[in-house]
Structure formats: C-alpha cells, structure tokens
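Trainee: Test case, fold it:
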Amino acid sequence: MSDVSYVRTEMLDERLPPRGQSGAVLWLRQNMFSNIPNSILSLAAIYFLYYLLAGLLPWIFQGSWGVGSLGECREAISAIYGDGTDGACWAVIRERFRQLIFGFYPSEFYWRPILAFVLMLLAVAPVLFSSVPRRFLWFSAFFPFVAFLLYWGGSIWFPLGVIAGFAIAYLAAVFLPKYIGSLPSIIVAFLLPVIWWLTALTPIDTALNQWVGDLRMPRLIATQTYLIDAAPIPEGKKVAAEKYLAALENLPNQKAQLSELLIKARDMREALPNAHRKMAELDELEIGATAQERTALDDVLKVESTIITLDKTINSTYKIAGRVGLVPVESSSFGGFMLSIIIGVTGITLSLPIGILLALGRQSHLFVVKTICVGFIEFIRGVPLITLLFVASTLLNYFLPPGTTFDLILRVMIMVTLFASAYMAEVIRGGLAALPKGQYEAADALGLDFWKATRLIIMPQALKITIPSIVSTFIGLFKDTTLVSIIGLLDPIGLATAIRANQAWNGIVWELYGFIALMFWIFCFSMSRYSMYLERKLATGH
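Mentor: Numbering: from 1, shown residues only. Presented below is the predicted three-dimensional model:
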C-alpha cells in the first residue's frame, strides 16, 4: 500500500502576491497603462503636467510678500533670484487681504461678520449632519435675524418685528383651517405677515425707539457731558460727541417746536380756500390766484417744509438715542467675499424651499396655482441673471412709491433667490417625475393627505434622487454672485478691478484672480464633497 496522500495534511505559509499584482504597480497597470492607447495618453498627460508645473511652481514660490507696489516687487524678485526672474507679486494679497475679504466694512467692526460666519457654520450643522441634535434647528431658524443684526447693525426692534410677522403666519396657518378651510387659511397666513411688515413694522419700530430714547435721554446727556469734559477721547470724536450732546439737549425744544408747527400748519390750511388747499397739496399755484392768496400759500408750504426737516432731525436723533442694538453699517460698505457669502448663502438657503413649492405647484390640479407657477418658472428661466440684476438695481425703483428706500443688496438677494428658485423647481420636478407611481399609490393606501404624503414619502425620495443636480445648482449660484460687480457692488471681482486701477498695482492680474479663484474653489469643492458624502450616506442599493 502506497504512503502517498492525495490530501494535504499541513497548511503552507502565506506568501507575497506575485510582483505586479498588488500595490502601486497594480494600480498603474489598471488605471494608466492597461493598453497601448491608454499608455500613450497617460505619458502625454504626465508630460503636460510636468511642463505646467515646471513653469508655475517657480513663479508661485519665487514671489515677493513684503513690498508696497508692483515696481518694488519686481525689483525685490530680481535682487533675490537674479535678473530676468519672473515671480508672483503676492504683496498685493497681503496689503489688500482685508479689503478682499470685508470690502470697506469698518475695521473696528470686523468681529461682527466673523462672528456671523462662525454662527452660520453652527446654524447649518444640524441641517447638514444628522448626528447633531435636532433641537439645534431652533437656532438655525433664528440665525438669519441674528446675522442681519450683526452685518447691518441698527435697532433690535426691526428683526424682532420681522420674527413677529412669521409668528403671525404660523398662528394663522395652525388655527384658521378649522374655521375657514385649508386653502383660505394658507392665503390669509401669507397675507397677514405682509400686511404687518408693510403697515405696522415701521411705526412700531419708530415708537419703540422714541420710548427708549425718552427713558435713556438723561443718562445719555450725562454720559456725553462726561466724555466731553473728563474722558481722554480724540479731538475728532470729541467734536462728534459735542454735536450729539447738542442734539440730545435740544430734542425737547425741537419736539415742542414741531407740535407748534403742526398746529400752525393745520390752522393755515383751514384758512385757505378749498381750491388753494388742494394746490398746496400738489405744490402748485393756479394762474388766477391773487397776490394775497399766493403769499398765504407760500407761508403754508414754508411751514410744512420746516416740519419735514424738523421731523427728520428728531427721528435721526431718536434712532441713535433709542437704539437697542449695534451701530448701523451702510450697505455701501459691504464688499469682498463677505458680500459673495451673504448673497450666495441667502440664495442657496431660500431657493430650495421656494423651488420645492414651485415644483409642487406646477404639478397641482388647481388651474390658477399651476398657471402662476409655470409662468414664473418659464419667465425666470428665459431671462439672463444679469438682466434681473439690472432690474433690481435700476428699474425696480420706478415701480416703488416716491421716497421709498429699498436696500440694493436686499434687492439683489431677492432677484438671485428668485432666479435660483426657478431652476431649483425644475430640478425637484425631475426628481418627482422619476418616482414610480406606486409610491403615490402607497401613500394613498395609507390614508395620508397630500401634505403628509409629500413630506413623509414623496419629497424625501425625490430630494435623494436629485442631490447631484441640487448641489450643482448651488455651486453655479455661488459662482454667479460675481455678476453683481456689473451693477456696482464691490464683490471680489469688482474689488480686483479697483485694485488694478491703483497706480501702485497697475499691471497685477494673475495674483488677484488666482487668489479669488482659489477662495471660490474652496467653497465649491467643499459643497461637492458634502454632496458625495450625502449620496454615500443615503445609498440604499434599491
């Protein structure tokens, strides 16, 4: 009988895989040199990258940081690296870094946009990551009002009044359906806050400022007197403090004078004939008026002009004396990446919910709702964004009542949001169309109404399908914020043009635009990475 065994009785030791079947060699064979055409293309790409980096890297690293003009920069590069050396003049970024980030925002208030940016990251965390506790969504809801107060400053009453408008809408949407029905309650819930903001917000804000101003007036006068007499303040601020003190001390006299002028104007108007009373309102004179009537009418108009001037003076003083909040900053001071972030984040945040409502409205069976949504989407998508920005900057003023002030940045944010919402609506509609009909039937079988079915079943699946398209729209919107430079807003591109017009930096091109491109790439790349993370997280395999 043979001793040869056909079954191994002991295990062999582990051996290394054959050379070329693992590690970097295997990756190169599979991805770059799998066949002759791929090998040729890979070698050409490697040569192109070498040629590009061989010229770019020396230019980047053989630059100058510590000079004050382009001429000095070239001299410094030649002195360090030899004549004829071409290097980047990064000194322009060092000198104008704050301007590129904050525009002309007052330097003593830089902490406000920095704090707003940090709070923005905290506000979006519970929205983007499910690991963050859901209760922090309350902070996300209130962050826009906090950001507005930090960026623009001013009294706290205005953002609180805006919040009150949303509270009114919420209460109307919750309690009215049982009395007037679902659709009328939605319409009322939309109209009530608009009426509140247009009619009651400004008078209440003014009244609260005056009330607080009256309470704080004695203390403010005492504080200003101390600053002028005892505190070591600069001469320029001392002059401003003296003017402020004079305005505070004269405020009671101005209020009494205003009351007297109002009574006087009323009596003078009542003394005029009806025809000339109407002429006073129109600021016109009929040809047939007598000299005495003309004199009386001129007196009325002079008194009313004095009333308007005095009223503006009193209101401006109360805005300072009664302000409970931060020092206001004009929108003309906004610029740089701060402006791009404000416009971009606002458009991104608001365009998604508005786009969802438009997409649902376009699929509605209600003729009026569907017609409005389709008309809005097709009109906005058929018009370039730059046209809407021009409408926001110039033409919109012609449709507003005379004397109405509407902040330019706010107008731009509205137009950018509407533009992005129209495209977002079509993206969401594509996701809704991609869902099988059985999902809608399953929601009906469970007895869910339209809104519950949409919120719990339909919309989560539609949003999951359209994640790449949604993020692509967001990235395009953020990059499109550079178009605001065409209407005079100093975003990074507008500031780069202004910096290049300076004699010291005339001729600088690649350094400025390279820095701006790098900053935009960081934001856009971060959004694309988050999109891929979200797709992997929501991948279910079915």
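
Trainee: which residues does Met527 contact?
Mentor: For Met527, the contact set (C-beta atoms under 8 Å, 6 or more residues apart in numbering) comprises Val471, Phe474, Ile475, Phe478. Any C-beta I mention is one placed from the backbone N, CA and C, and that applies to glycine too.

Trainee: try 10 Å
Mentor: Contacts for Met527 (C-beta atoms under 10 Å, 6 or more residues apart in numbering) come out as Ile348, Val471, Ser472, Phe474, Ile475, Phe478.

Trainee: In terms of pLDDT, where does it sit?
Mentor: On the pLDDT scale, Met527 is placed at 91.

Trainee: So for the helix or strand it falls within, what gets flagged as buried?
Mentor: Element membership for Met527 (DSSP states H and E) is helix 510-538. For helix 510-538, the neighbour count (16 or more other C-beta atoms under 10 Å) marks Glu511, Leu512, Phe515, Ile516, Met519, Phe520, Phe523, Cys524, Ser531, Leu534 as buried.

Trainee: Need the nearest residue in space to the third one, chain neighbours excluded.
Mentor: Looking back up the chat, that one is Phe515. Ile93 (5.2 Å; C-beta to C-beta, 6 or more residues apart in numbering).

Trainee: go on, the fifth one?
Mentor: Using C-beta to C-beta, 6+ apart and skipping the chain neighbours, the partner closest in space to Met519 is Phe337 (6.0 Å).

Trainee: Need the pLDDT of the one you found.
Mentor: The model reports Phe337 with a pLDDT of 93.

Trainee: That one contacts Pro492, correct?
Mentor: Yes. Judged on C-beta atoms under 10 Å, Phe337 makes contact with Pro492 at a distance of 5.7 Å.

Trainee: shared neighbours of those two, which are they?
Mentor: Listed as contacting both Phe337 and Pro492 by C-beta under 10 Å, 6+ apart are Leu100, Ile101, Gly103, Thr481, Ile516, Met519, Phe520.

Trainee: Correct me if wrong: the last one contacts Gly476.
Mentor: Pointing back at Phe520 there. No. Between Phe520 and Gly476 there is no contact under C-beta under 10 Å: 11.6 Å.

Trainee: give me every residue that touches the residue nearest to Cys524 when sequence neighbours are not counted.
Mentor: In this structure, Cys524 finds its nearest non-sequential neighbour in Ile475, 4.8 Å apart by C-beta to C-beta, 6+ apart. Ile475 sits next to Gly344, Ile348, Phe520, Phe523, Cys524, Phe525, Ser526, Met527, Ser528, Ser531 when contact means C-beta under 10 Å, 6+ apart.

Trainee: how about a cut-off of 8 Å?
Mentor: Ile475 neighbours (C-beta under 8 Å, 6+ apart): Cys524, Met527, Ser528.

Trainee: Which helix or strand contains it?
Mentor: Assigned by DSSP H and E, Ile475 belongs to helix 467-480.

Trainee: Just the buried positions in that helix, please.
Mentor: So for helix 467-480, counting by 16+ other C-beta under 10 Å, buried means Ile467, Ser469, Ile470, Val471, Ser472, Thr473, Phe474, Ile475, Leu477, Phe478, Asp480.

Trainee: next one: stretch 190-206
Mentor: In stretch 190-206, counting by 16+ other C-beta under 10 Å, buried: Leu192, Pro193, Trp196, Trp197, Leu201, Ile204, Asp205, Thr206.

Trainee: wait, the fifth one sits on Leu160?
Mentor: No. Between Leu201 and Leu160 there is no contact under C-beta atoms under 8 Å: 9.8 Å.

Trainee: still on that earlier bit, Trp27: which of the buried residues of stretch 190-206 is nearest?
Mentor: Using C-beta to C-beta, Pro193 is the member of those that lies nearest Trp27, at 59.0 Å.

Trainee: for the stretch 151-300 of the chain, which spans come out with low pLDDT?
Mentor: For the stretch 151-300 of the chain, the stretches with pLDDT under 70 are 216, 218-245, 247-251, 254, 257-258, 260-262, 264, 266-300.

Trainee: OK, contacts around Gly82?
Mentor: By C-beta under 8 Å, 6+ apart, Gly82 lies in contact with nothing.

Trainee: for Leu435, that is, sorry about that
Mentor: Ile458, Gln461, Ala462, Ile465.

Trainee: In terms of helices and strands, where is His365?
Mentor: Using DSSP H and E, no helix or strand contains His365.

Trainee: For it, give me its contacts.
Mentor: For His365, no contacting residues are found, by C-beta under 8 Å, 6+ apart.

Trainee: List phi and psi for it.
Mentor: Backbone geometry at His365, expressed as degrees, to the nearest 10, gives phi -90, psi -10.

Trainee: now it: how far from Tyr50?
Mentor: 62 Å (C-beta to C-beta, to the nearest Å).

Trainee: Dihedrals phi and psi, Ser64?
Mentor: Dihedral angles for Ser64 - degrees, to the nearest 10 - are phi -130, psi 140.

Trainee: Counting neighbours, what do you get for it?
Mentor: 23 (other C-beta atoms under 10 Å).

Trainee: can you offset everything so residue one is 471?
Mentor: Happy to do that; since the first residue is 471 now, the last one works out to Ser534.

Trainee: Look up the pLDDT of it for me, please.
Mentor: Listed pLDDT for Ser534 reads 84.

Trainee: Test my guess that it contacts Tyr551.
Mentor: No. Assessed by C-beta under 8 Å, Ser534 is found out of contact with Tyr551, at 9.6 Å.

Trainee: got any residues that touch both of those two?
Mentor: Common neighbours of Ser534 and Tyr551 are listed as Gly557 (criterion: C-beta under 8 Å, 6+ apart).

Trainee: Return the subset of the buried residues of stretch 660-676 lying in helices.
Mentor: Leu662, Pro663, Leu671, Ile674, Asp675, Thr676 (DSSP state H).

Trainee: The fifth one is in contact with Phe628, isn't it?
Mentor: Yes. At 5.4 Å, Asp675 and Phe628 qualify as touching, with contact defined as C-beta under 8 Å.
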